[in-house]
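>>> Following is a predicted model, sequence given first.
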Amino acid sequence: MPEAVHAVTPPPAVKPLRLPGGPKLQNWLFGGWTLGVFIFLYVPIVLLIVFSFNESRLNVRWEGFTFKWYGVLFGNERVLTAFKNSLIVAGATTVLSTFIGTVGAWMLHRYRYPFKKFMDLLVLVPMVMPEVLMGVSLLLLFVSFKMGLGYVTLIIAHTTFCFPFVLVGVQARLQGIDPFLEEAAMDLGATPIVAFWKVIVPYLMPAIVSGALMSFTLSFDEYIVTIFTTSAQAPTLPITVYGMVKKGLDPSLNALSTLFIFATVVLVLFTQTLKKLK
Amino acid sequence: MKKSALATTLGALAAALLLAGCDKPAETTTSAPPPPTEPATAEATPATDAPAAAPTNTEPKVLNLYCWSEYVPQTVIDKFTEATGIKVAVENYASNEEMLTKLLAGGGAYDLIQPSEYTIEALIKEGLLEPIDHAAIPNLKNIAPEFQNMAFDPGNKYSVPWMAGTVGIAINTDLIKDEIKTYDDVFSDKNKGNIVVLDDAREIVSWALASQGIPINDVSDENLEKIKPVLQKWLPLVKVYDSDSPKTSLLNGDVAIGIVWSGEGALLLNENPKFKWVLPVGAHLFVDSLAVPKGAKHPKNAEAFINFILQPEISKLISADFPYLNPNLPAKALLTPEEQANAASFPTKEELDKMEVFKDIGPQATKVDELVTTVKSQ
Amino acid sequence: MATTVIPQGGGSDHQRKPGFGAWLCLAPMLGWLILFVVVPAVLLVIMSFAERGTLGRVVYNFSFDNYVRLFGSWPILKIFLISIWYAFLTTVICVVVGYPVGYFIGRLPERWRNLGLTLVMIPFWTSFLIRTYAWVSLLSKEGLINGTLMSAQLIPAPIAMMYTPFAVVLGLVYNFLPFMILPIYTSAERLDGAMIEAAYDLGAGPVRAFSQVIIPLTQPGIAAGALLVFVPAIGMFAITTLMGGGTNPTIGEVIYNQFVKVGDKPYGAAIGTVLMALFLLTMWLMRLTRKET
């Protein structure tokens, strides 16, 4: 029986986890494994949070509880500036990457371009390319074009390896899309751009969001590509932290990480609550 | 309408980018709150003159400093800005070669650099440094005589020493009870898997050369062949190669002995009395200096900075953070007795007399690096 | 009201031929790729044929010297092989460790999925250096793990865990795990529950359902994850240096050294070009063996 298509509703969601019968065991096993992996991921994190309150400067022995490193952190302009720079760069990178990745994925899906196979491969290259190669080759480019290194070059570099993550995620989501969705929207009078914005993008949201999350994370923590493409104008956090190794890292950096995680957790809880309220 | 929301977001982004870009090099300076107590200009000792806010200096109040990471304390930079009103933009490098790359790439971007002695030699040969005006740097006289007029820059025409240091042996005496005097002592089979050394091919090769009685700057192909077996015996015993923070593995107990920078050694000595410092036979001296690259846009500001840091109270601050060999005599006198007695920071006079410095070895650097990489991977 | 039959699976039968507008919209991405990926790569290859000048300058006299030197240098080739080996180990471990996680999160109800993903990401919002130093405090001889084991009298002397190949692989796995989890998550999330149910309905036990239905269906995710881990891991260096103590240099470190410490950029560019050829080859091979999704 032919199903009616509503112009703006995405197709029904995939069935959630509730495997029938026997696989409850599989459920438990996988869940338990996941928990184990999370422990592995978080032990160093918990450790560094704990050490942010450590009296001792060295992260080897616990010598007493103190908030003093948080004070040191807020007095350390260099680290704070670097943190701010990292946020700016990661933010800009995420916006750019999301835009280029989403539009690019849609275009590749929608139209039959010549050399499509080649383009598919090309798009993967920056995602997969070893960071040292990317850093070095981009530096060559910027020097040849006599571009001064700074915010712009840094954002360009980061976007280059971040947008494919968005693109690939969106492409995966596009695999399951109703091919007549756009046409239905246009039948109702929308132009291709409006159809894209009002119909396709909402459908793609989960992929866009996870791609954006990935972009932000990658950019924020990127060290190798950054060393080659930045300058005094825009030192990011990984660079500054690495420079501090000589003197010895002190727990104020742990304090920074702790605060950042804390802020993220608060943000996540906030958005989850918002969703529930909707 | 959704479409305009997108447009506004993009517009905001563009604006943010522009604003970020407009944050000039001053981005990395700190217009710090006034530092407590220490008046930056009070000079009680006759050994120094007031910092020259040179009357004929009409340059814009900016200084582009390109220096080793973690070698110029932020307090010193802040005090300079406070005293002269000149904002300092700081960029860091991790090696002389990295500094050279950026320097050669381009056009007067830096006013002050901080090369090691062999790099200064090479830069002078290529005519890439500006001569400095001694009249603008009256505090030059604070530099100890043995550091003035060194071979790599006769008459200090182009550079002023910042800090000197050595590379020596740090020993955790809790774990190692033997007597250690020479490089060979370090690389004994007993110490296998317990050694940290600098990750610097030139350094490693110089130790091997010294142990064979060959002058450390004589890195001819034959000599490199001669020390190859020495390296083949030594390097498999090494657990960690680390030029950034060799003290970490020593402090963590993961290694018990190391050949490290004297500043790192000094920090170890300060941290725990179980660490001992030995300057081996054939050790060498290194000197990092401030110099003004050719084409610098603010050379007078650079000279003002140099004169500023040569004041004893300021120089003392540098030592407090980085306990290397401070060549500034009146500054040294201001240090605490413990600091002055730190064997790693300040070698004895006879040790000093025996030490050589690195010279520029040009393209042989590639061969040196290749030798070490080859042996490391065997 | 239009009513239409929806055929399953989108794809090429519905694509239109691109008009001018379509090319214009593709231009940002295409232009970006060409300008910031292809051109720099070409520049790198060009530099690999140049020579080193004084003070680390690059002199553009065409020469094959760098390649001759590179292929004649057993140490460099050995380092290539070791780097590939570490990357391979890391990839395999990531697949084994990460698959259940990606699958589990992918099959969670929708509102828990994003939370799960975020939880995977959060550790990476701390600076990688601090994370790595946290591992150092865990693994060093006087660190937490040894300390606990010693006071519980489970071991007579501290185990040397830092600065070993174990530490290197641990560091790599820790760093690359999300890159494996995410594609598997994407694949698992799209799985049609009906197919799995069908398998069970047809009498398959959990092991068979898993190995013969679920894994093949998520194979694109595994392949994508493997690619995302394997290739970048070959060129990784900062983490490997910190965890491994520099005794086992990776090829990424060698390239970095040439550019930053030694100043022989053309040689570094040559090694880089070979690495680039290697990874393009890997990508191409993986695309060939992958099923068309």
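In hand now; what should we look at? Numbers count the residues shown, from 1 in each chain, chains lettered A, B, ... in the order given.

>>> For the helix or strand containing residue B:118, buried residues please.
Assigned by DSSP states H and E, residue B:118 belongs to helix B:117-125. Buried residues in helix B:117-125, counting neighbours by 16 or more other Cβ atoms under 10 Å in any protein chain shown, are found at B:117, B:118, B:119, B:120, B:121, B:122, B:123, B:124. Where C-beta positions appear, they are placed from N, C-alpha and C, glycine not excepted.

>>> Reformat those as CSV; add distance to chain A.
Converted to CSV, those look like this (distance: Cβ to the nearest Cβ, whole Å):
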residue, distance to chain A
B:117, 20
B:118, 21
B:119, 19
B:120, 21
B:121, 25
B:122, 21
B:123, 20
B:124, 25
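
>>> restrict those residues to those near chain C?
B:122, B:123 (Cβ under 8 Å from any Cβ of the partner chain).

>>> How about the contacts made by the nearest residue to residue B:240 once chain neighbours are set aside?
Closest residue in space to residue B:240, ignoring its immediate chain neighbours: residue C:245 at 3.5 Å, by Cβ to Cβ, 6 or more residues apart in numbering or on different chains. By Cβ atoms under 8 Å, 6 or more residues apart in numbering or on different chains, residue C:245 lies in contact with B:196, B:239, B:240, B:241, B:242, B:249, C:162, C:163.

>>> from those, which is closest to chain A?
The closest of the contacts of residue C:245 to chain A turns out to be residue B:242 (Cβ to the nearest Cβ; 9.4 Å).

>>> Give me the neighbour count for the closest one.
26 (other Cβ atoms under 10 Å in any protein chain shown).

>>> in which helix or strand would I find the nearest residue to residue C:132 once chain neighbours are set aside?
Closest residue in space to residue C:132, ignoring its immediate chain neighbours: residue C:242 at 5.0 Å, by Cβ to Cβ, 6+ apart. Using DSSP H and E, residue C:242 sits in helix C:238-244.

>>> ok, now residue C:27?
Here residue C:27 is assigned to helix C:20-33, by DSSP H and E.

>>> now the helices: where do they sit in chain C?
For chain C, applying DSSP state H gives helices covering C:20-33, C:39-48, C:65-71, C:74-106, C:110-121, C:128-139, C:144-151, C:165-189, C:193-201, C:206-208, C:215-234, C:238-244, C:251-257, C:265-289.

>>> So chain B: which segments form each domain?
B:27-164+B:286-339, B:165-285+B:348-376 (automatic domain parsing).

>>> so residue A:260 sits right up against residue C:126, yeah?
Yes - Residue A:260 lies in contact with residue C:126 (Cβ atoms under 8 Å); the separation is 6.9 Å.

>>> Which residue of the two possesses the greater neighbour count?
residue C:126 (24 against 19).

>>> Grab the nearest non-local neighbour of residue A:215.
residue A:162 is the one closest to residue A:215 (Cβ to Cβ, 6+ apart), at 4.0 Å.

>>> Would you mind measuring from that neighbour to residue A:220?
10 Å (Cβ to Cβ, to the nearest Å).

>>> between those two, who's got more neighbours?
Per other Cβ under 10 Å, whichever of residue A:162 and residue A:220 has more neighbours is residue A:162, with 30 against 25.

>>> what helix or strand does the more buried one sit in?
Using DSSP H and E, residue A:162 falls in helix A:151-174.

>>> what about the helix or strand just after that helix, distance to the chain center?
Going down the chain from helix A:151-174, the next helix or strand is helix A:181-187, by DSSP H and E. Distance of helix A:181-187 from the chain centroid (Cα atoms, centre = their mean, to the nearest Å) equals 32 Å.

>>> Report the mean per-residue pLDDT for the next helix or strand after helix A:181-187.
Next helix or strand after helix A:181-187 toward the C-terminus (DSSP H and E): helix A:192-195. Mean pLDDT, helix A:192-195: 80.

>>> tell me which residues of helix A:192-195 are tucked away?
residue A:195.

>>> Need the contact partners of it.
A:182, A:185, A:186, B:3, C:21.

>>> where does the chain have low pLDDT?
Unless you meant another one, I'm taking chain A. A:1-23, A:58-61, A:232, A:246-249, A:275, A:278 (pLDDT under 70).

>>> um, chain C though
C:1-14, C:289-293.

>>> Which residue would be the closest one in it to chain A?
For chain C, Cβ to the nearest Cβ, closest residue to chain A: residue C:235, 2.4 Å.

>>> Over to that residue: give its phi and psi.
phi -90, psi 10 (degrees, to the nearest 10).

>>> ok, the closest residue to it other than its chain neighbours to residue C:83 distance?
Distances taken as Cβ to Cβ, 6+ apart put residue A:130 closest to residue C:235, at 2.4 Å, once the chain neighbours are dropped. The gap separating residue A:130 from residue C:83 is 10 Å, by Cβ to Cβ.

>>> Quick check: neighbours shared by the two?
Each of C:234, C:235, C:252 lies in contact with both residue A:130 and residue C:83 under the rule Cβ under 8 Å, 6+ apart.

>>> just the residues you listed now: which is nearest residue B:324?
residue C:252 (31.2 Å; Cβ to Cβ).

>>> so how far is the helix or strand that the helix holding residue B:118 is followed by from its chain's centroid?
Remark: after helix B:117-125, the chain's next helix or strand is strand B:129-130, criterion DSSP H and E. Its chain's C-alpha centre and that of strand B:129-130 lie 19 Å apart, by Cα atoms, centre = their mean.

>>> Does chain C have contacts with the next helix-or-strand element following strand B:129-130?
Remark: after strand B:129-130, the chain's next helix or strand is strand B:159-172, criterion DSSP H and E. No - Strand B:159-172 is not in contact with chain C by Cβ under 8 Å from any Cβ; minimum separation 11.1 Å.

>>> Can you check what angle separates strand B:159-172 from helix B:117-125?
Angle of strand B:159-172 versus helix B:117-125, following axes from the mean of the first three to the mean of the last three Cα atoms, to 10 degrees, is 160 degrees.

>>> which helices and strands sit right next to strand B:159-172?
Judged by 3 or more Cβ pairs under 8 Å, 6 or more residues apart in numbering or on different chains; DSSP states H and E, strand B:159-172 is in contact with helix B:247-251, strand B:257-261, helix B:262-271, strand B:275-278, strand B:284-293.

>>> hey, which of those is tucked in deepest?
Per-stretch averages of neighbours, counted by mean count of other Cβ atoms under 10 Å in any protein chain shown, single out strand B:257-261 among those, with a mean of 26.

>>> I'd like the distance from it to the chain centre, please.
16 Å.

>>> If you count neighbours, what's buried in stretch B:141-156?
B:142, B:143, B:144, B:147, B:148, B:150, B:152, B:153, B:156.

>>> hang on, the earlier thing: any idea which of the helices and strands packed on strand B:159-172 gets closest to chain C?
helix B:247-251 (7.1 Å).

>>> Name the surrounding residues that touch that closest one.
Contacts of helix B:247-251 (Cβ under 8 Å, 6+ apart): A:58, A:60, A:248, B:170, B:172, B:196, B:239-240, B:242, B:255-256, B:258, B:260, B:264, B:267-268, B:271-272, B:275, C:136, C:140, C:162-163, C:245.
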